[in-house]
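In: Have a look; sequence and predicted model below, questions after that.
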Amino acid sequence: MAQIKDLRDLLDHEVQAMYSAEKLIAAGLPRMIQNASSSELKQAFQTHLDETEHQIQRLEQVADLLEIDVDGDKNLGMAGIIAEGEQVMHKDATPEALDAALICGAQKVEHYEIAGYGTAVYLAQELGFDQVATILDGILDEEKRTNGILNSLAKTLVNPLAE
């Protein structure tokens, strides 16, 4: 494990951590799509999977700009959040309750990503990596938008059916 001795090292770590997180999310979303019963929720997850694959490419671009290896430490935080979601998917649940649980798990993922990208954007700005900050800020906006979509689906469609 590399040392973190200054903000630049921390930025490198955050980029690598978010890359690991996005790879884990890309691997987990197909199971969420398969387990969702709501067609709107399936579509939201599919859209996010497509977005996640593009985010992985942009994080590779960020790593090139920073001249770092994008593969670093594995993101144990995201691995834990995904493992919790996997555990919920294996419970005996009605389709409506499972959809609500899937949104709950997905929002935990989004909140983690919002925190990670928010920090990375700030660090890139602080260190004068404007192009990196712009790319990361674009990803941050996508994560916030996805969280809003999930909130809307929960409030207007999924949770009322699960009551």
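Out: Yep, it's here. Residues are numbered from 1 along each chain as shown.

In: CA atoms for contacts and neighbours, from now on please.
Out: Fine.

In: Buried residues, the helix or strand of the chain with the lowest mean pLDDT. List them.
Out: The helix or strand of the chain with the lowest confidence, counting by mean pLDDT, DSSP states H and E, is helix 159-162 at a mean of 90. Within helix 159-162, the residues that count as buried by 16 or more other CA atoms under 10 Å are residue 159.

In: dump the residue contacts of the closest residue in space to residue 35 that isn't next to it in sequence.
Out: Once flanking residues are discounted, residue 35 sits nearest to residue 89: 7.4 Å by CA to CA, 6 or more residues apart in numbering. Contacts for residue 89 (CA atoms under 8 Å, 6 or more residues apart in numbering) come out as 35, 98, 102.

In: In CSV: the residues you listed, plus neighbour count and distance to residue 114.
Out: Shown next, in CSV, are the contacts of residue 89 (neighbours: other CA atoms under 10 Å; distance: CA to CA, whole Å):
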residue, neighbour count, distance to residue 114
35, 16, 25
98, 23, 24
102, 24, 18
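
In: Just give me the closest of the residues you listed to residue 9.
Out: Closest approach to residue 9 among the contacts of residue 89 (CA to CA): residue 102, at 34.5 Å.

In: ok, that closest one touching residue 34?
Out: No. Counting by CA atoms under 8 Å, residue 102 stays clear of residue 34, with 11.0 Å between them.

In: so how far is the helix of greatest length in the chain off the chain centroid?
Out: Counting residues, the longest helix in the chain under DSSP state H turns out to be helix 95-126. Helix 95-126 has its C-alpha centroid displaced from the chain centroid by 5 Å (CA atoms, centre = their mean, to the nearest Å).

In: Next secondary structure after that helix?
Out: helix 130-153 (DSSP states H and E).

In: in that next one, what's buried?
Out: For helix 130-153, the neighbour count (16+ other CA under 10 Å) marks 132-133, 135-137, 139-140, 142-143, 146-147, 150-151, 153 as buried.

In: In contact with residue 78, which residues?
Out: With CA under 8 Å, 6+ apart, residue 78 has these contacts: 21, 24, 109, 112.

In: top of those by neighbour count?
Out: Highest neighbour count within those, by other CA atoms under 10 Å: residue 21, with 25 neighbours.
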